[in-house]
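Need a 3D model of the sequence below.
(one chain, ligands or ions: 3)
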Amino acid sequence: MLRIAVPNKGSLSEPAAAMLHEAGYRQRKDRRELVLIDAENQVEFFYLRPRDIAIYVGSGRLDIGITGRDLLLDSGAEAEEIMRLGFAASTLRYATRPGTVGDVREFGGLSIATSFAGVVSAHLAEHGVDASVVHLDGAVETAIQLGVAEVIADVVETGTTLRNAGLEIIGEPILESEAVVIRRTGEDAEEDPKVRQFLRRLQGVLVARRYVMMDYDIKAELVDKAVSLTPGLESPTVSPLHDEGWVAVRSMVPVQDAQRIMDELYDLGARAILTTGIHAARL
Ligand SMILES: Nc1ncnc2c1ncn2[C@@H]1O[C@H](COP(=O)(O)OP(=O)(O)OP(=O)(O)O)[C@@H](O)[C@H]1O
Ligand SMILES: O=P(O)(O)OC[C@H]1O[C@H](OP(=O)(O)OP(=O)(O)O)[C@H](O)[C@@H]1O
Ligand SMILES: [Mg+2]
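Residues are numbered from 1 along each chain as shown. Ligands and ions are numbered 1, 2, ... in the order given. Here you go, the predicted model:
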């Protein structure tokens, strides 16, 4: 059985469970469940604290984990990223009261509060800055108001939390994060057929979310122009229509471009332009 770590709470938890569900796996119905066996798919899910997941996977006790890139790097565990999942996107940034300091090179002698002490200490060292790192569990924004630190390093998505705390971002992002699949360092994911199948299923969910299927009819002499708008992933299907001189085209199109492409196809002379959702895919 493949043993997989899944975040049990926080920003990663619901989207991770939703993605696994879309990939055809059973998911827990009760948030108190700690372990769930999906016998049909030969997978065992362990619901763990997002921060602990890299430790379990790095130790080799679990085969695969879903966590945030920032948490993986902060853990220092012997685990590596093998697939990006496209949710829980955020950046880790320094912030302070407006007008305090400019960027990391000016942090010498200051206190930096963060929940990502590993990543931040490494970042300071990389820039040759001698500052002290105060490790907090969360609600880091308040550390400045309460005088625990002059600077914070925290997760920023929209920036609303920082703004509400009267803080401003300084310098470049420390890192860009998103949810990722991790595996113990040095283990070849391609070697294990169970892991390969799991990744293919998640890849299928990403494709189903990112693409729609587009169908349209077009005059044969315009098909090359039309197909340049809808090149598909490999090559679009072109089939003859009963009405001579016309063909039907079927192609995958990124969901975010679909409306623009439909307009352009219509202007070119295409008709009966339809898009349909993709529920699952194996490419
Ligand atoms: N507002 C957010 N938007 C996007 N991703 C976020 C956000 N907050 C945290 N994350 C990401 O979620 C992961 C952290 O999960 P974790 O459960 O530890 O924190 P959390 O989501 O803030 O939950 P908690 O309420 O327990 O603090 C990290 O990978 C982080 O980058
Ligand atoms: O840029 P924003 O869109 O405002 O999002 C970022 C905030 O979201 C998370 O906080 P969370 O609510 O999880 O609280 P926490 O500090 O206890 O983790 C994160 O720690 C930031 O504080
Ligand atoms: Mg949080």
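
any idea how far the residue in the stretch 151-283 of the chain positioned nearest to ligand 1 is from ligand 2?
In the stretch 151-283 of the chain, the residue that lies nearest ligand 1 is Glu157 (3.4 Å; C-beta to the nearest ligand atom). All C-beta spots, glycine's among them, are computed from the backbone N, C-alpha and C. For Glu157, the distance to ligand 2 equals 3 Å [C-beta to the nearest ligand atom, to the nearest Å].

ok, now Ile4?
Ile4 is 24 Å from ligand 2, by C-beta to the nearest ligand atom.

Can you get me a residue count around that residue?
The local packing of Ile4 (other C-beta atoms under 10 Å) involves 23 other residues.

can you tell me which residues contact it?
Going by C-beta atoms under 8 Å, 6 or more residues apart in numbering, Ile4 touches Val43, Glu44, Phe45, Phe46, Leu62, Asp63, Ile64, Gly65, Ile66, Phe198.

how does it look with 6 Å?
Phe45, Ile64 (C-beta atoms under 6 Å, 6 or more residues apart in numbering).

ok so it is a helix residue?
No. Counting by DSSP: H, G, I helix; E, B strand; the rest coil, Ile4 is not found in a helix; it is strand.

hmm, back to that, not counting sequence-adjacent ones, nearest residue to the residue of the stretch 151-283 of the chain closest to ligand 1?
Leaving aside its chain neighbours, Glu157 sits nearest to Ser90 (4.8 Å; criterion: C-beta to C-beta, 6 or more residues apart in numbering).

so that neighbour makes contact with Val155?
Yes. Between Ser90 and Val155 there is a contact under C-beta atoms under 6 Å: 4.8 Å.

On the three-state scheme, the spatially most central residue of the chain is what?
The centroid of the chain falls nearest to Gly86 when counting by C-alpha atoms, centre = their mean (2.5 Å). With three-state DSSP as the basis, Gly86 sits in coil.

measure it to ligand 2 for me?
17 Å.

Who does the residue nearest to Glu157 form a beta bridge with?
Beta-bridge partners for Ser90, by DSSP bridges, are Ser177.

quick one on the thing from earlier: look at the residue of the stretch 151-283 of the chain closest to ligand 1 and say how many residues are nearby.
Other residues near Glu157 come to 12 when the count uses other C-beta under 10 Å.

Go ahead and confirm it touches Ala89.
No. Glu157 is not in contact with Ala89 according to C-beta under 6 Å; the separation is 7.3 Å.

For stretch 119-128, buried residues please.
Val119, Val120, Ser121, His123, Leu124 (16 or more other C-beta atoms under 10 Å).

whoops, stretch 208-222 was the one
Ala208, Tyr211, Val212, Met214, Asp215, Tyr216, Asp217, Ile218.

Following the chain onward from the lengthiest helix in the chain, which element is next?
Longest helix in the chain, counting residues (DSSP state H): helix 193-210. Counting by DSSP states H and E, the next helix or strand C-terminal to helix 193-210 is strand 211-219.

Give me the residues contacting that following strand.
Contacts of strand 211-219 (C-beta under 6 Å, 6+ apart): 226, 230, 246, 248-253, 255, 258, 265, 270-276, 278.

and ligand 1, which of those reach it?
Within the set of the contacts of strand 211-219, contact with ligand 1 (C-beta under 6 Å from any ligand atom) is found for no member.

May I see the ChimeraX selection of the buried members of those?
To isolate the buried subset of the contacts of strand 211-219 in ChimeraX, counting by 16+ other C-beta under 10 Å, use the following:
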select :226,230,246,249,251,252,253,258,265,270,273,275
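
Contacts only, for Arg84.
Neighbour list for Arg84: Glu178, Val180 [criterion: C-beta under 6 Å, 6+ apart].

now with 10 Å?
Applying C-beta atoms under 10 Å, 6 or more residues apart in numbering to Arg84 gives the contacts Arg69, Glu178, Ala179, Val180, Val181, Leu206.
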